[in-house]
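Undergrad: Sequence and predicted structure, then a few things I'm wondering about:
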Amino acid sequence: MVEELGKLADAPITRAGRSVRLVMVGVATAWALLTLYSLTSLSLSWPDQLFGTDFVSFWTGASLVRAGAGPALFDMETQRVFQQHLRQELATTETVQNAVGHNPFHSPPPLALLFLPLTWLPMPWAYLSWMVLSFVSMALAVFLPLRARPMAWAMAAGLLAFPGVLVTLLEGQVNGVLLLAFSLGLMAFSTGRRVLGGVLFGLMWLKPQYALLFPLIFLLKRRWVELAAMSLVGLAIALLSVAMIGFDGIARYLAVLQRIGAFYPPPESLISAGAMSNWRGLLINLFPGLPGDVGSVLVYGLGGATVAASLLVWKGPWDPSSLRFSIQMVVAAAATVIASPHSHYHGTVLLLVPLAVAIGRAKQGAPFEGRWMVMLASGYLLGMAVWMVRSMSWMLVPYFLVLMAMLIRACWGSAPMEVGRG
């Protein structure tokens, strides 16, 4: 897969080199058209459209923290009243001004601190500023692993053209920060800086659903330093949460998580479970009317099986500087997205970082066959379809399962089985 991309990137004057340029031009053109369409739609309803993004929930959390909400941070009525006043102040249409409900903030309290400096700006300007910061973070996350290759910027642009990137930017999500931490963490591991790598991975606890698999990998491979560093960051985030909202606020937060974690979340949560890119989204679409308790058991059972299957790729030595390691991380990222009970389409951008690392290391591995190029192209086209029809997000689950199976088989065939210390 990545070896072929690497060969194309290293062939600037051959037919293959010209072909990759044509592909990049096509991808860039498609991305530019999508961006133009999205920004035009956003500008026509500005700033009312902002109230349909995830940014408003992060803005709400940060604003309430700034106001000293404390235990009331996760009081849904407090959040609703705040957003109601915000709509009446900024919205230009009566429909938005008089809308009922709110887009709730239900992330760990320290995540709100990332947005705290932006609360000194008007919300529309804060949204645009966050969009720029997010794009820069994601661009660095995929460029840094590629920087030693010819056509590094072109390869990075191709990865950034994945529609999930645009969705992340428009929704005001925090994936840019997570991708940069993921990328820097992998680079730290590859140079033997185990503590720094573990700390950077620990920042993913700000979105816990994306962090849970990595401690299992460290435990399986007996990477005690990495596990301890990541765990200490998680503990620090937990203690900071208590300091910010107190134990009463933590109890209220856990109650919120229980409600939104139900197989069928309450309508007021504004969580579209059927549009998720995970087992919950797949089950809701394939089996309409499935009892909620049965659905929850299936989500956690299938998620656990997915995680267990993904661990099969970790046979053999622990070598963070190898091509094989980056492919193992692609499997981990795919399993994280579909096994998490709460992961949306924008979360699929997690795969871009290990894929960028793999492309950057392609010369170190044995060549792959053309079917990997087909898988990459299929993933991009499927991502494009999901971008246009978000209710199709669940279709990414079978795609990722096939991708995981192919990568696990490739890794099992590329190194001898080793038992014991990784």
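TA: Right, received. Where do you want to start? All of these numbers come straight from a predicted model, not from anything done at the bench. Numbering: from 1, shown residues only.
Undergrad: tell me which element the nearest residue to residue 131 once chain neighbours are set aside falls in.
TA: Using C-beta to C-beta, 6 or more residues apart in numbering and skipping the chain neighbours, the partner closest in space to residue 131 is residue 169 (5.2 Å). C-beta: built from backbone N, CA, C; applies to glycine. Assigned by DSSP states H and E, residue 169 falls within helix 163-171.
Undergrad: Flag every buried residue along that helix.
TA: Neighbour counts over helix 163-171 (16 or more other C-beta atoms under 10 Å) mark 163, 164, 165, 166, 167, 168, 169, 170, 171 as buried.
Undergrad: May I see those organised as CSV, with pLDDT and distance to residue 283 added?
TA: Converted to CSV, the buried residues of helix 163-171 look like this (pLDDT from 0 to 100; distance: C-beta to C-beta, whole Å):
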residue, pLDDT, distance to residue 283
163, 89, 24
164, 92, 22
165, 93, 27
166, 90, 27
167, 91, 22
168, 94, 25
169, 93, 29
170, 91, 27
171, 92, 24
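Undergrad: after the helix ranked longest in the chain, next one along is what?
TA: The longest helix of the chain (DSSP state H) is helix 224-260. Proceeding C-terminally, helix 224-260 gives way to helix 279-286 as the next helix or strand, assigned by DSSP H and E.
Undergrad: before we move on, back to that, what's the helix or strand following the helix holding residue 169 packed up against?
TA: Downstream of helix 163-171, the next assigned helix or strand under DSSP H and E is helix 175-190. Applying 3 or more C-beta pairs under 8 Å, 6 or more residues apart in numbering; DSSP states H and E, one finds that helix 175-190 makes contact with helix 123-143, helix 194-202, helix 323-339, helix 352-360.
Undergrad: Where does pLDDT dip in the protein?
TA: 1-28, 30-32, 34, 37-39, 41-44, 363-370, 414-422 (pLDDT under 70).
Undergrad: in the stretch 301-422 of the chain, which spans are helices?
TA: Along the stretch 301-422 of the chain, the segments classed as helices by DSSP state H, counting those that start in this stretch run 323-339, 352-360, 371-388, 396-414.
Undergrad: tell me which of the buried residues of helix 163-171 is nearest to residue 277?
TA: residue 164 (9.1 Å; C-beta to C-beta).
Undergrad: roughly how far out does stretch 268-285 sit from the chain middle?
TA: Computed by C-alpha atoms, centre = their mean, to the nearest Å, the chain-centroid distance of stretch 268-285 equals 16 Å.
Undergrad: what's the answer for stretch 179-198, then?
TA: 17 Å.
Undergrad: Ends of that stretch, what's the gap?
TA: With C-alpha to C-alpha, to the nearest Å applied, stretch 179-198 spans 14 Å between its terminal residues.
Undergrad: For that stretch, give me every contacting residue.
TA: 137-138, 140-142, 144-145, 199-201, 203-204, 218, 223, 225-230, 233, 320-321, 325-326, 329, 349-350, 352-354, 356-357 (C-beta atoms under 8 Å, 6 or more residues apart in numbering).
Undergrad: Buried by neighbour count, from those residues: which ones?
TA: 137-138, 140-142, 144-145, 199-201, 203-204, 218, 223, 226-227, 229-230, 233, 320, 325-326, 329, 349-350, 352-354, 356-357.
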